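Engineer: A predicted structure for the sequence below; I have some questions about it.
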Amino acid sequence: MIISIKQPLSYSRAGKKEKQEDCIYPPGGKATGKNRFFILCDGMGGHNNGEMASSLVCETLGKFFESHPLKGGFLTEELFKQGLSEAYDALDKQDDGSFRKMGTTLAFIYFHKGGCFSAHIGDSRIYHIRLGKGLAYQSADHSLVNDLLRIGEITPEDTINHPRKNIITRVMQPYLEHRHKAEIHQLTDIQPGDYFFLCSDGVLEQLTNDKLIAVLSDITLSDEQKMNALEDISLNKTKDNFTAYLIPVDQVEYEKFDNKTEKNNEIKAVVTDKSS
């Protein structure tokens, strides 16, 4: 599978906070249709801690995948976990004892021959949206509120203003006894015209799934106008930092196998059957 994308778009705002603790890779305005992977991190910990954690993870993962070409064009879980381990190592190395409470979420996608590799830790979201159908995929928040929702303790309406909505159950931090694993999904049903949307939880203070789908489905708007409309929903209203990446899918091509290759595979299959 060969996935080509249009110009990626992003925004990153401090909201009503003093500092911006979100970070994206590639940095804002630097991405092109040639980029294969995108990272969004939402830092936490107060003072400079959150900003440091999110930038460290973004930069470490970004440099890792820029310097590790994929074998055969496929991203494996093994290679991703290697990159994630290096990001955790960078957090450990930076911590001199005064930053123990710093941490960051992670939202990561990589377009490769197998489709779109999706991985996340925490409550930064990954959406895959198909026009005319809505959500093709939405990452599940690693949060207390989502756990309560999953087991039926609260309703979807309760999650909006729940007093413990900011408690997340997985986060990247230094010196963890057991490093939190990323939740990984290989998304293979990808079509031209699809959108991938990554966002920090600050975006979700004002942006609902229905609003997101409605804006992206508006065929009268260009991609840039759609992203501006999504940003405007949060502008001057959101308390938290709010950051997002929008990646439009342009074309999807499937590799074809020649008859000789298929015939050889059939012969191998017959031989295998006879020897069993």
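Structural biologist: Structure's in. What do you need?

Engineer: Listing request: residues of this protein with sub-threshold pLDDT.
Structural biologist: For the chain, applying pLDDT under 70 flags the ranges 46-48, 96-100, 156-165, 256-276.

Engineer: hey, where'd the helices end up in it?
Structural biologist: Using DSSP state H, the helices assigned to the chain run over residues 49-66, 77-94, 144-150, 156-160, 209-216, 223-234, 259-275.

Engineer: and the angle from the first one to helix 77-94?
Structural biologist: Regarding helix 49-66 and helix 77-94, their directions subtend 140 degrees when assessed with axes from the mean of the first three to the mean of the last three CA atoms, to 10 degrees.

Engineer: what's the spacing between helix 49-66 and its chain's center?
Structural biologist: Relative to the chain's own centre, helix 49-66 is displaced by 14 Å; criterion: CA atoms, centre = their mean, to the nearest Å.

Engineer: In contact with residue 202: list those residues for me.
Structural biologist: Taking CB atoms under 8 Å, 6 or more residues apart in numbering as the criterion, residue 202 is in contact with 15, 22, 42, 234, 238-243. Where you see a C-beta, it was placed from the backbone N, CA and C, and this is true even at glycine.

Engineer: gap between it and residue 11?
Structural biologist: Counting by CB to CB, to the nearest Å, the gap between residue 202 and residue 11 amounts to 11 Å.

Engineer: what touches both of these two?
Structural biologist: Each of 242-243 lies in contact with both residue 202 and residue 11 under the rule CB under 8 Å, 6+ apart.

Engineer: By neighbour count, which of the contacts of residue 202 wins?
Structural biologist: Compared across these, residue 22 has the highest neighbour count, 32 neighbours, by other CB atoms under 10 Å.

Engineer: right, and that one touches residue 40 too?
Structural biologist: Yes - using CB atoms under 8 Å, residue 22 makes contact with residue 40 at a distance of 7.2 Å.

Engineer: shared neighbours of those two, which are they?
Structural biologist: Where contact means CB under 8 Å, 6+ apart, the residues bridging residue 22 and residue 40 through contact with each are 200, 243.

Engineer: packing partners for the longest strand anywhere in the chain?
Structural biologist: Counting residues, the longest strand in the chain under DSSP state E turns out to be strand 242-253. Other helices and strands packing on strand 242-253, by 3 or more CB pairs under 8 Å, 6 or more residues apart in numbering; DSSP states H and E, are strand 2-5, strand 9-13, strand 22-25, strand 37-44, strand 195-199, helix 223-234.

Engineer: and among those, the most buried is which?
Structural biologist: Each of these was given a mean neighbour count from mean count of other CB atoms under 10 Å, and the largest, a mean of 28, is that of strand 22-25.

Engineer: and that one, what does it pack onto?
Structural biologist: Taking 3+ CB pairs under 8 Å, 6+ apart as contact, the helices and strands that strand 22-25 lies on are strand 9-13, strand 37-44, helix 49-66, strand 242-253.

Engineer: Quick one, which of the ones you listed gets closest to residue 171.
Structural biologist: Closest approach to residue 171 among the helices and strands packed on strand 22-25 is made by strand 37-44 (7.2 Å; CB to CB).

Engineer: what angle separates the closest one from strand 195-199?
Structural biologist: Regarding strand 37-44 and strand 195-199, their directions subtend 20 degrees when assessed with the same axes, to 10 degrees.

Engineer: who wins for proximity to residue 122 among the helices and strands packed on strand 22-25?
Structural biologist: The closest approach between residue 122 and any of these, judged by CB to CB, belongs to strand 37-44 at 7.0 Å.

Engineer: How far does that closest one sit from its chain's centre?
Structural biologist: Centroid separation for strand 37-44 versus its chain: 8 Å, with CA atoms, centre = their mean.

Engineer: Please apply the same query to stretch 76-89.
Structural biologist: Centre-to-centre, stretch 76-89 and its host chain are 15 Å apart (CA atoms, centre = their mean).
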